[in-house]
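Asker: the following block contains a protein sequence and its predicted model.
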Amino acid sequence: MKAVCYYGKEDVRVETVPDPEILNPRDAIIRVTATAICGSDLHIYGGYIPTMQKGDVLGHEFMGEVVDVGRENRRLKVGDRVVVPFTIACGQCFFCKEQLWSLCDNSNPNAWMAEKLYGYSASGLFGYSHMYGGYAGGQAEYVRVPFADVGPLRVPDSLRDDQVLFLSDIFPTGYMAAENCQITPGDTVAVWGCGPVGQFAIQSAFLLGAERVIAIDRFPERLALASSFSKAEVLDYSRVDVPDALRELTGGQGPDACIDAVGLESHGTTLDAWYDRAKTSLYLATDRPHALRQAITACRKGGIVSIPGVYGGWLDKFPLGAAFAKGLTLKMGQTHMHRYMPRLLDHIERGDIDPSFIITHRVGLEDAPEMYQTFRDKEDACVKVVMTPGTRTHVVA
Amino acid sequence: MQAHALATYSSTSSTIGGTSHELERWAGVAMATAVVAYGLSRRSFSGVALAAAAAPLAYRGVTGEWPGLANGMADTRVALAGDRGIHVRDAIRLEVPLEAVYGFWRRLENLPRFMTHLREVRDLGGGRSHWIADGPADVPVEWDAEIINEVPNKVIGWRSIAGSDIATAGSVHFSTARQGRSTQVSVNLQYAAPGGRATRLLAFVLGRDPAHMIREDLRRVKQLLEAGEIPRAARGAEA
């Protein structure tokens, strides 16, 4: 089959690889009908994620049709149309039972690697390095799904792939980011980053009762989307001083909650951002947490900073003093996908939200190398790329 | 009494009362010499450690005995006394009823399903069992063990029988946690392997540190009993 494979920093290729097969009793094999490039795939593309190996199949946002099931899988049938969560969960361990699905104890075969770095290992992930299990990803014609009697969500035929594909990661991720803000009616939420997760965080904050959402980015097309589609007030950080503007917009109090939907490759125009760039380029630091610093500084006293953006290593110049002085609560982590997928499917079915609004590029799998670069450089007003295996035509939506 | 009889070529060979096979002894020498040569050729600390660790294998090949295991050393009370041997302890918690975990573990034949360095465990009846494990340089190590302490649903304790190639003793304790909702398994394991401390170095160089091994064994038994399967990302990648 054809698959998008990692070969090194900024080197992604479409290769022919062996078809996946059932390895464990609860597995299923999915024929992928739609798959997307995630912002977090760009961290891999940029060489920021350790324990990637040449030839690893990428991709963790995908859906498709079940074509084979393992003998112990009594939940899925061949022919089922499913969306697959990017976190792999066994459903039986302490963490799964506590609904902390992305922290599953039993799904990462290489848990010892993550334990060396983090003390304990989170769940296995599709196509996201060997430290997270070394599972082949879904930017491919077929993919093996472990514990497929727990994760995949059946979707009704009345909804198009475009509308449900993002249940695989970014819609639940944006939603959990907003839910972590413990929004009460009248709250103001500030969101750093108007990429796909930021857009879903904005809309989810409104769904959860926020009165105002203020969105921060610098790309006009992303700010326009946040403003027109997600109905947020917007700030262009390349033109205004963000903490000042937020203070003014909130009557000197600060936002009740701040969401960092940017993560470890944050871009900024202030001194600390240049300091991060210099240090990471010399391999003296692993992450560039400019947006997170700003979120902590801007947040009101006693507020919540919610972090859906991905961080991998050690943070430098982290303003813990500010977080402490203001009594902030920090909430973060990979999304507990299984907790949110059914209720968000309901929202889509009811027409509360149509997640397809963020798609800017629809292409075939063959176009992946070009699209990784386009998405990374935010060329061509690229916000979200959806790939359909088996099609080769380059169509821009 | 001689410590002897690694059944290299047949897993059914008796471990008690035979003498070392000539071919096997010289195969051991050849292998050990190769490892020593390879180790020294690395010209690094780990290379030297590897060479040092392989030396006992060569010693055994020539003399027919593991160094330090002659005449009664394989008695666990002597071989494991004080700070002798390797001592590993670890624990894991499972969301499986205590009786089920105990029952699974007590059927000793189940152990190789999650202890990947074990090739086979046979229950000989009467509290005795025969164990075959991967040894240094891929030479299997065999020993007989007896259960010396058993309280159902609480503890299993065992030790190897004097005269085995390996002196080992250990215990597994089963208890409940979180007001009975979870089960905790604590393992306490001691052994004087062929080659003694040098073997630990060798194991470490080859990526089989005993502490790491026991950690992964416990992880696998948890995966097996909780999730019903041991996760893997590729065929043959389960170890």
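Answerer: The structure has been received and is ready for your questions.
Asker: excluding chain neighbours, give the residue nearest to the residue in the stretch 251-397 of chain A positioned nearest to chain B in space.
Answerer: Going by Cβ to the nearest Cβ, chain B is nearest to residue A:338 of the stretch 251-397 of chain A, at 14.6 Å. All C-beta atoms are positioned from the backbone trio N, CA, C, and that covers glycine. Leaving aside its chain neighbours, residue A:338 sits nearest to residue A:101 (4.3 Å; criterion: Cβ to Cβ, 6 or more residues apart in numbering or on different chains).
Asker: quick check: the one you found touching residue A:339?
Answerer: Yes - counting by Cβ atoms under 8 Å, residue A:339 is a contact partner of residue A:101 at 6.2 Å.
Asker: more crowded one of these two?
Answerer: Using other Cβ atoms under 10 Å in any protein chain shown, the more surrounded residue of residue A:101 and residue A:339 is residue A:101, with 28 against 17.
Asker: how close does the residue of the stretch 251-397 of chain A closest to chain B get to residue A:189?
Answerer: From residue A:338 across to residue A:189, the span is 25 Å (Cβ to Cβ, to the nearest Å).
Asker: who has more neighbours out of these two?
Answerer: Higher neighbour count among residue A:338 and residue A:189: residue A:189, with 29 against 21, using other Cβ under 10 Å.
Asker: each with direction, which strands does the helix or strand containing that one pair with?
Answerer: If you go by DSSP states H and E, residue A:189 is part of strand A:188-192. Strand A:188-192 pairs in its sheet with strand A:212-217 (parallel), strand A:257-260 (parallel), by DSSP bridges.
Asker: tell me the most buried of the ones you listed?
Answerer: Of all the strands paired with strand A:188-192, strand A:257-260 has the most neighbours on average by mean count of other Cβ atoms under 10 Å in any protein chain shown, namely a mean of 30.
Asker: quick one: the helix or strand following that strand to chain centroid distance?
Answerer: Tracing the chain C-terminally past strand A:257-260 and defining elements by DSSP H and E, one meets helix A:271-281 next. When C-alpha coordinates are averaged (Cα atoms, centre = their mean, to the nearest Å), helix A:271-281 and its chain have centres 24 Å apart.
Asker: contact partners of whatever helix or strand the residue of the stretch 251-397 of chain A closest to chain B lives in?
Answerer: Assessed by DSSP H and E, residue A:338 sits inside helix A:337-349. Identification of contacts with helix A:337-349 by Cβ atoms under 8 Å, 6 or more residues apart in numbering or on different chains yields A:83, A:85-87, A:89, A:96, A:99, A:101-102, A:150-151, A:153, A:155-156, A:158-159, A:163-164, A:167, A:169, A:171-172, A:175-176, A:207, A:353-355.
Asker: for it, buried residues please.
Answerer: Of the residues in helix A:337-349, A:337-341, A:344-345, A:347-348 count as buried by neighbour count, 16 or more other Cβ atoms under 10 Å in any protein chain shown.
Asker: now tabulate those residues in a markdown table and tack on pLDDT.
Answerer: Shown next, in a markdown table, are the buried residues of helix A:337-349 (pLDDT from 0 to 100):
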| residue | pLDDT |
| --- | --- |
| A:337 | 97 |
| A:338 | 97 |
| A:339 | 97 |
| A:340 | 98 |
| A:341 | 98 |
| A:344 | 98 |
| A:345 | 98 |
| A:347 | 96 |
| A:348 | 97 |
